[in-house]
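Q: 3D, please:
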Amino acid sequence: MMIVVTGATGHLGQHVVEGLLEKVPADQVAVVVRNAEKAAPLAERGVEVRVADYSDPQTLKAAFKQDEKVLLISGSEIGRRVPQHTAVIDAAKEAGVALLAYTSILGGPDADFELAREHQGTEAYLVDSGLPYTLLRNGWYHENYTEALGQAVEAGGILTSAAEGARVASASRADYAAAAIAVLTGTGHENRAYELSGDDAWSFEEYATAVSKRLGREIPVSRVPAETHKEILVGAGVPEPIAAILVDVDAAISRGLLERRNGDLSDLIGRPTTPMPQAIDEAATGLGE
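A: Residues are numbered from 1 along each chain as shown. Okay, here's the model as predicted:
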């Protein structure tokens with residue numbers, strides 16, 4: 001059975017494809033990408049490259065084939081994702097795929113914050129489509145913080161508007177990719193939803209302490225009101241709509257919505273999730289050294 005990964009040249013997609021190639025022959029893996037040139041190294045390894053765009057339904061008609069398993073990695077264009085995702089689902093249904101797995105968000109219909117809305121719309125459409133589905137409700141990624149570690153160090157603190165003591169049960173991209181791989185290469189995952197999050201939840205104070213310990217100097221938490229947080233982000237060049245969403249995520253963290261843990265992720269991948277201190281250690285290499 002062919003396994004198809006959309007958005008395969010993105011951060012998560014790259015992890016998924018590399019993990020798949022460790023488990024199945026390359027000629028059983030296909031990728032759907034907008035830019036064939038970016039996927040050329042995969043083609044050289046025997047992966048089938050299909051060019052299509054979430055925003056162009058016509059291109060999606062040839063993206064899938066009957067009885068394939070498909071991973072729909074959610075798009076990055078906030079505000080356009082529901083029509084993009086529904087176009088992919090329609091094309092997959094028309095092709096008669098065996099399974100469509102979708103990278104959604106922790107909490108699914110109970111995730112009461114703005115970033116979740118498009119995921120909720122996509123989930124509802126997918127379930128109603130009649131396709132066999134798997135909902136991979138990914139929690140927050142370690143990399144949402146560790147990839148900005150350099151900027152945080154330069155700014156002199158970990159910026160947040162989340163409440164003191166609020167916690168995040170994040171995991172690494174590699175962890176979430178491993179869960180997708182387990183579903184795509186396994187059986188018995190049809191019409192199921194998995195709530196995926198890290199085994200441990202950390203507070204921003206704990207995160208700052210771990211960063212400080214790794215770097216050998218104090219990096220404090222810089223906690224500010226939500227409106228100030230948004231102003232700082234916009235002043236740093238973050239587009240206003242994205243800044244508003246990031247601030248809203250911190251509000252969701254304050255309400256405990258990204259602290260949820262039930263063990264689904266570690267159960268699926270067959271090992272503990274990556275600890276945040278390990279992610280910090282890897283991201284901090286070269287910073288201040």
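Q: what about the closest residue to A284 other than its chain neighbours, which SS state?
A: Sequence neighbours aside, R214 is the residue nearest to A284 in space, at 4.7 Å (criterion: C-beta to C-beta, 6 or more residues apart in numbering). For the C-beta atoms, the positions are set from N, CA and C on the backbone; glycine is no exception. What DSSP: H, G, I helix; E, B strand; the rest coil gives for R214 is helix.
Q: Give the burial count for R214, as a bare number.
A: 19 (other C-beta atoms under 10 Å).
Q: list the contacts for it?
A: P277, I280, D281, A284 (C-beta atoms under 8 Å, 6 or more residues apart in numbering).
Q: Could you list the residues in contact with the helix or strand of the chain with the lowest mean pLDDT?
A: Within the chain, no helix or strand scores below helix 149-155, which has a mean of 86 by mean pLDDT, DSSP states H and E. Outside helix 149-155, the residues that touch it by C-beta under 8 Å, 6+ apart are I158, L159, V211, L215, I219, S222, A236, I280, A283, A284, L287, G288.
Q: Can you verify my assumption that the fourth one contacts A284?
A: Yes. A contact is recorded between L215 and A284 when judged using C-beta atoms under 8 Å, the distance being 6.0 Å.
Q: who has more neighbours, those two?
A: A284 (19 against 16).
Q: wait, G256 sits on G165?
A: No. G256 is beyond contact range of G165, at 10.3 Å (criterion: C-beta under 8 Å).
Q: which of the two has more neighbours?
A: With neighbours defined as other C-beta under 10 Å, G256 and G165 compare such that G256 has more, 14 against 10.
Q: Now a ChimeraX select for only the buried ones of the contacts of R214.
A: Burial among these is assessed by 16 or more other C-beta atoms under 10 Å; the matching ChimeraX selection reads:
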select :277,280,284
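Q: Make TSV from the contacts of R214 and add pLDDT and secondary structure to it.
A: Shown next, in TSV, are the contacts of R214 (pLDDT from 0 to 100; DSSP: H, G, I helix; E, B strand; the rest coil):
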residue	pLDDT	secondary structure
P277	95	helix
I280	95	helix
D281	93	helix
A284	87	coil
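Q: In a markdown table: the contacts of R214, plus distance to V31.
A: Below are the contacts of R214 laid out as a markdown table (distance: C-beta to C-beta, whole Å):
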| residue | distance to V31 |
| --- | --- |
| P277 | 33 |
| I280 | 31 |
| D281 | 31 |
| A284 | 32 |
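Q: Which stretches in the chain count as strands?
A: With DSSP state E, the ranges of strands along the chain come out as 3-6, 29-33, 48-51, 69-72, 99-105, 133-138, 158-160, 167-168, 192-196, 202-203, 221-223.
Q: among those, which is nearest V88?
A: strand 69-72 (5.3 Å; C-beta to C-beta).
Q: Output the contacting helices and strands for that closest one.
A: strand 3-6, helix 81-95, strand 99-105, helix 173-185 (3 or more C-beta pairs under 8 Å, 6 or more residues apart in numbering; DSSP states H and E).
Q: Check what contacts it and list those residues.
A: By C-beta under 8 Å, 6+ apart, strand 69-72 touches 1-7, 16, 64, 85, 88-89, 92, 97-103, 180, 184.
Q: Would you check that E164 makes contact with E205?
A: Yes. With contacts counted by C-beta under 8 Å, E164 reaches E205, the gap being 7.4 Å.
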